[in-house]
Every structure is written in structure tokens, then in C-alpha cells.
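# got a predicted structure plus its sequence, pasted below:
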Amino acid sequence: MRLPFLSRSHLALCRLTLLSVVLFSSIIFNIKIALAAPYLPNKDDLVLEHLPFKAQDPINQKIKTLRLALQKNPNNLVQAISLARTYFSLANSEGDPRYIGYAHSIIKPWTDLPNPPIDIILVRSLLNQFSHDFEAATKGFKDVLSKDPLNGEAISWLVDLNIVQSHFAEAERYNEFFVKANLNENKIVYKAVIQSIHGNTQLAYLSLSDLLNHTVSRPPEFKEWVLIRLAEMAIRLNQPELAEKHFKEALAIDPQDAYGLAAYVDFLIDHNRFAEVIQPLKSKQASDILLLRLTQASVLNKSADANDLINTLQDRFSAATLRGDRLHLMEESRFELKIKNNPTKALELAKLNWEKQREPKDARCFLEAALAAQNPQGGQEVLQWMKETHYEDPLFISLEQALLKLKK
């Protein structure tokens, strides 16, 4: 899921922090397994991995300062919120979920209270959203709005969560809340996003382009947010050169944005530009979503380390299954289909993913798996979604036509 702009303005856009910490078993992520089966630690306080460390990294310095301050004054709510948000920002910018566990541990003294402070409810909801606990996240953001009806961050997330789940009527309802919060530009962006999914991509593209051309006071993060959306719309309009232009403009603003980087890499893979994917993702292997794309590009490029990457990614998914973590079902489905050539398993995972997350990329994963499995009925839910939304994209149309041919 794309991080809404408003919440990004509260967070540092940052690089990977190298911080040595003890990982508790409930928040262990991305374990590199030496054996075929996932490794299960026998002690909760066993150190499995240390994140790399850069002494002069400014984000690391910020985290170190905040942690020391909290050790001296564990009841300092402001510093706890700041540290938890920094971890959340790192998780989003790097795609590394370990930071979410760190953030949860920081705010736990307050989340255990019968009536947590509103800022704690907000941060806890952000963390729940990252972990795809959309029900708990939605409840939390609604709770925030009941106490602070003009909280733009909660509004943004409620709009975004409803779009992700294809609850468009609810998304449009919450989008109107931006008017009272004096955040009309956010309303314009989300309206365009919804329009684009509902077959009005050209109108949505023009709306966002006009907004970008007439916005001079917003910070770079806002421009980057809009540019990624424009790139996605340009793809739907079958204008790849324009899409690439927008992707490059966006990543020039924030090269560490995992969402934007993943979207651009997908674009490159779709255009058989595998070699261009590998180098920028070499240092991003802590992120499962980026490791998947690196692995796929390496396999297609016949790189020497392709098998090692496949094994590493398989270990990640095996460990996640052992934990009961279904955070990256779409990526796991893509792994089964594109790399392991197991369309039946891929379709099963895509269907599970679709039960919770219904963005265009999830729909594409579902359709491709159904087609590869020669199971037109298996993709019926997405075909119905396309019919109801009037979704337009040349690739989706070709997939739909191929599935319909299988029925004949």
C-alpha cells in the first residue's frame, strides 16, 4: 500500500538505519535460513540478526538520541511518539517490517492503558495498517477522528484503506472530510485516484497534472506522491515514455521510496529491461517486495546469483508462513508463478490476497495466475471487479480476453 502524503509529512524520509537490537520472536522478520525448513528459535531473547550500522547516518543518530532520552525518562510521550514514527518511516521507505516491531515495543506502555492518548492510537493504527490488520487500523483511525474531526492524517488513511479494499463509496465519503480540514489538494489527489480506477483515467491524469503545475507551496514529498500516481495513470493510458518520465522525476525526489521504486521496477520488468533492475536493488534485499523484483529480474537476466536469490526469497516466505504472517501474499503468489512456475499455488495465494487487498496490482496478480493455471473461473472475481469499476488498462484487457477464450 502506498503511504498517504499527509502521514509522510510527519515522518522523516530516510535511509536504512543500522541499529543493533535484540529481536523478540514475535517480531522476527527476514531470517536467512541455512536449512531447507525455517529455523525456529528456542529462546525469545536470542539475537538472530543485527541490522547493519552506519555511525554517521543522521537517522541512526536521531534514533540513538531518542532511545537514550527514553531510557532516562521512560514516560516521555513526545519522544516515544517521535521514535515510533521514525521506525515506521524506516519500514515504509525501506520496506523492512522489522522496524514495525521496534515501534510497537516503544509505544507498548501506553497501548496497554485503558484509554491510550490520541497520538498513541494514531501511531498504533499506522503500525496495524502496515501489518495489513486493516480492521484494527480502520477502527483506530475512526477513533482518532471521533476525538479530532480535523485530523488530516487519520482522514488520509481512512480514504487510502478503503481504496485498497475497493470500498469506494466509503473512500469518497471520507474524502469529503478534507474540506473541513482545509486539505483540498489531498481531496483532489484521492478523487483522481478513484476516477482512474473507475475508467476515467484521462480525466484523472489531467486533474493531477493541473494540480501539480499550479502547486508551488507544497513540500517535495507531495510532488513525489503525485508523480507516482501520474506514472501509474500513464501506464493505464498506454503511454510508457510518459510513465517513465514521471517515475524518474518522483525517484529523483526520494530514491529510497520502496513503493515508488517497486512500481518503477515493475515497469522496467514489463518492458524486458532486466539489467536496469538489478543494480539499484542490490542493496535493498532487506525488503521482501524489492527482493522479489530483484530475484525475478535476475532469473530473467540469467544472472549468476539467481539461484541464491531464489533460495533466500523462499526462506523468507517459509519463515513468514511459520509465523502466520501473510503480509506479502501477492508477492508470494508472484514468486510461485513467475519464478517457480507453479500457477496452481500462485492462484491459491492470489485468491487469499484478494480477500483483503484489492488494488490494481493485486487484480493483475490474480488474473495472471488464473490464466497460467488455465482456470478462467478462478479469475471471475477480478473480472467482475473490472466490470463494476470499468477499470481500463491495455494489459488487463488482454488478460481478460485470454481468460474469456479459455471458456469457449
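Received, thanks.
# ok, then the element right after the lowest-mean-pLDDT helix or strand in the chain?
Ranked by mean pLDDT, DSSP states H and E, the helix or strand of the chain with the weakest confidence is helix 5-9, at a mean of 47. Using DSSP states H and E, the helix or strand that follows helix 5-9 towards the C-terminus is helix 58-72.
# which strands or helices does that following helix pack on?
Where contact means 3 or more Cβ pairs under 8 Å, 6 or more residues apart in numbering; DSSP states H and E, helix 58-72 is packed against helix 77-94. The way it works is simple: take the backbone N, C-alpha and C, and place the C-beta from them, glycine included.
# next SSE downstream of the helix it packs on?
Next along the chain from helix 77-94, counting by DSSP H and E, comes helix 98-111.
# so how far is that next one off the chain centroid?
19 Å (Cα atoms, centre = their mean, to the nearest Å).
# also stretch 391-408?
The answer for stretch 391-408 is 26 Å, by Cα atoms, centre = their mean.
# got the buried residues for that stretch?
The neighbour-count check on stretch 391-408 (16 or more other Cβ atoms under 10 Å) flags Tyr391, Glu392, Asp393, Phe396, Leu399, Glu400, Leu403 as buried.
# so which strand or helix has the last one?
Same thing as Leu403. helix 394-407.
# dump the buried residues of stretch 391-408 to TSV, plus distance to Gln285.
Listed next are the buried residues of stretch 391-408 as TSV, based on distance: Cβ to Cβ, whole Å:
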residue	distance to Gln285
Tyr391	33
Glu392	35
Asp393	30
Phe396	30
Leu399	30
Glu400	35
Leu403	34
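# need the max-distance pair from those.
Glu392 and Leu403 (16.8 Å; Cβ to Cβ).
# residues near the nearest residue to Ile155 once chain neighbours are set aside, how many?
Excluding its sequence neighbours, the residue lying closest to Ile155 (Cβ to Cβ, 6 or more residues apart in numbering) is Phe177, at 4.6 Å. Under the neighbour criterion other Cβ atoms under 10 Å, Phe177 is assigned a count of 21.
# and for Asn238?
Asn238 has 13 nearby residues by other Cβ under 10 Å.
# is it true that it touches Leu395?
No: checked against Cβ atoms under 8 Å, the pair Asn238 and Leu395 is beyond contact range at 9.1 Å.
# any stretches of the chain with poor pLDDT?
Applying pLDDT under 70 to the chain flags the ranges 1-57, 95.
# show me what counts as buried in stretch 290-301.
Leu290, Leu291, Leu292, Arg293, Leu294, Thr295, Gln296, Ala297, Ser298, Val299, Leu300, Asn301.
# mind checking how far it is from the chain centre?
For stretch 290-301, the distance to the chain centre is 18 Å (Cα atoms, centre = their mean).
# and if you look at stretch 83-101?
12 Å.
# ok, now stretch 380-395?
That offset, for stretch 380-395, works out to 22 Å (Cα atoms, centre = their mean).
# got a list of contacts for it?
For stretch 380-395, contacts defined as Cβ atoms under 8 Å, 6 or more residues apart in numbering pick out 166, 168, 197-199, 201, 235-236, 238, 270, 351, 354, 358, 360, 363-364, 366-367, 370, 396, 400, 403.
# re the thing from before, and the buried residues of stretch 290-301 as JSON lines, adding secondary structure?
Below are these laid out as JSON lines (DSSP: H, G, I helix; E, B strand; the rest coil):
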{"residue": "Leu290", "secondary structure": "helix"}
{"residue": "Leu291", "secondary structure": "helix"}
{"residue": "Leu292", "secondary structure": "helix"}
{"residue": "Arg293", "secondary structure": "helix"}
{"residue": "Leu294", "secondary structure": "helix"}
{"residue": "Thr295", "secondary structure": "helix"}
{"residue": "Gln296", "secondary structure": "helix"}
{"residue": "Ala297", "secondary structure": "helix"}
{"residue": "Ser298", "secondary structure": "helix"}
{"residue": "Val299", "secondary structure": "helix"}
{"residue": "Leu300", "secondary structure": "helix"}
{"residue": "Asn301", "secondary structure": "coil"}
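# who touches the residue nearest to Leu70 when sequence neighbours are not counted in this structure?
Spatially, and ignoring its direct neighbours in sequence, Leu70 is nearest to Gln79 (5.5 Å; Cβ to Cβ, 6+ apart). Counting by Cβ under 8 Å, 6+ apart, Gln79 touches Leu66, Ala69, Leu70, Asn73.
# which residue comes closest to the last one once chain neighbours are left out?
Looking back up the chat, that one is Asn73. Gln79 (7.4 Å).
# what's the separation between the one you found and Lys72?
10 Å (Cβ to Cβ, to the nearest Å).
# ditto for Gln202
Distance from Gln202 to Lys72, by Cβ to Cβ: 57 Å.
# of the two, who's got more company?
Gln202 (14 against 8).
# pretty sure the more buried one sits against Arg236.
No: shown here, Gln202 and Arg236 do not form a contact pair, counting by Cβ under 8 Å, at 9.2 Å.
# thought Asp266 was touching Arg293?
Yes: Asp266 lies in contact with Arg293 (Cβ under 8 Å); the separation is 6.9 Å.
# excluding chain neighbours, what is closest to Arg326?
Leu352 (6.9 Å).
# in which helix or strand would I find the one you found?
helix 343-354.
# how about residues contacting the following helix or strand past that helix?
On the C-terminal side of helix 343-354, the closest following helix or strand by DSSP H and E is helix 360-372. Residues outside helix 360-372 that contact it (Cβ under 8 Å, 6+ apart): 197, 232, 266, 330, 333-334, 337, 343, 346-347, 349-351, 353-354, 376, 378-379, 381-383, 385-386, 391, 393, 395-396, 399-400, 402-403, 406.
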